[in-house]
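Trainee: please find the sequence and the predicted model below.
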Amino acid sequence: MNQNAWSRVYDYFAGLFALNEEIFEQVQENCSAAGLPAISVSPCQGMFLQILARSCKAQRILEIGTLGGYSGTWLANGLDAEGELITIEYEPEHARIARKNFELAGLRQKVAVINKDAGVALAELIEQAVKPFDLIFIDADKPGYFDYLQLSLKLARKGTLIVADNVVRSGEVANPDTVDEKVTGVRKFCQALADNKMLKTTALQTVGNKGYDGFSISIVG
């Protein structure tokens, strides 16, 4: 199998399951027009996240790493009617574009964008003693994943799902000799998942139009 085959199968499923809805395409077009990096989840991955949110009847979702709001739009559409998504983005321009996209998608009342360093924002949420989240999605700078996990656990409850994107790194996550800081960050994060007795964790490898990567999925027990 190669990238051409992965992309062909991806296109088949995306078309079969009608995942290219106009609003998501508009959000993605806005991100591209603004020059944001093309690192958002794919539509198939976005629907996967939405199904997770729906399956746990999420009322509160925390996203670490907003970018232009594409994955957040999928997540927010999986919320209960009175649900809320809090999403954290460090870059001011990314946060501005995300707010615009959430408004375009009719989600302004459901989504709060926090434009701060993720570590600072998470610490503030902990200090505020906010209600725990039902689903936490980590998709930010990879060297920060370990710290974000430690902070996220303080914002979770029994049954909270913690999902992290980009943990396979084209297979390099299995290389103990890597010096790539993104990969070492992910390896440290994955080891922390394995070591934490409160968590049950698995990982899914993904291929498609985004290449070869994957998610970790944990439940707080």
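Mentor: On my side now, so go ahead.

Trainee: quick check: next helix or strand after the worst-scoring helix or strand of the chain on mean pLDDT?
Mentor: Of all helical and strand segments in the chain, the minimum by mean pLDDT, DSSP states H and E falls on helix 3-16, at a mean of 90. Remark: after helix 3-16, the chain's next helix or strand is helix 22-33, criterion DSSP states H and E.

Trainee: circling back to that earlier point, the least confident helix or strand of the chain packs against which elements?
Mentor: Helix 3-16 makes packing contacts with helix 43-55, strand 199-208, strand 211-220 when contacts are defined by 3 or more C-beta pairs under 8 Å, 6 or more residues apart in numbering; DSSP states H and E. Any C-beta I mention is one placed from the backbone N, CA and C, and that applies to glycine too.

Trainee: show me what counts as buried in it.
Mentor: Neighbour-count burial for helix 3-16, counted by 16 or more other C-beta atoms under 10 Å, picks out 6, 10, 14.

Trainee: try stretch 46-63
Mentor: For stretch 46-63, using 16+ other C-beta under 10 Å, the buried residues are 46-50, 52-53, 56, 58-63.

Trainee: tell me the average confidence for it?
Mentor: Averaging pLDDT along stretch 46-63 gives 98.

Trainee: C-alpha coordinates for that stretch, PDB please?
Mentor: Extracted in PDB, the C-alpha atoms of stretch 46-63 (Å, rounded to 0.1, in the frame of the first residue of the first chain):
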ATOM      1  CA  GLY A  46     -13.500  15.000  12.200                       C
ATOM      2  CA  MET A  47     -16.500  12.700  12.100                       C
ATOM      3  CA  PHE A  48     -14.700  10.200  14.200                       C
ATOM      4  CA  LEU A  49     -14.200  12.900  16.900                       C
ATOM      5  CA  GLN A  50     -17.900  13.900  16.600                       C
ATOM      6  CA  ILE A  51     -19.000  10.300  17.000                       C
ATOM      7  CA  LEU A  52     -16.900  10.000  20.100                       C
ATOM      8  CA  ALA A  53     -18.500  13.200  21.500                       C
ATOM      9  CA  ARG A  54     -22.000  11.900  20.700                       C
ATOM     10  CA  SER A  55     -21.300   8.500  22.100                       C
ATOM     11  CA  CYS A  56     -20.400   9.800  25.500                       C
ATOM     12  CA  LYS A  57     -23.200  12.400  25.400                       C
ATOM     13  CA  ALA A  58     -20.700  15.100  25.900                       C
ATOM     14  CA  GLN A  59     -21.900  18.300  27.500                       C
ATOM     15  CA  ARG A  60     -18.400  19.800  28.100                       C
ATOM     16  CA  ILE A  61     -15.500  19.400  25.700                       C
ATOM     17  CA  LEU A  62     -12.000  20.800  26.100                       C
ATOM     18  CA  GLU A  63      -9.800  21.200  23.000                       C
END
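
Trainee: which other residues reach it?
Mentor: Defining contact as C-beta atoms under 8 Å, 6 or more residues apart in numbering, one finds that stretch 46-63 is touched by 17, 19, 24, 41, 70-80, 82-88, 125, 131-137, 139, 152, 155, 159, 161, 163, 215, 217.
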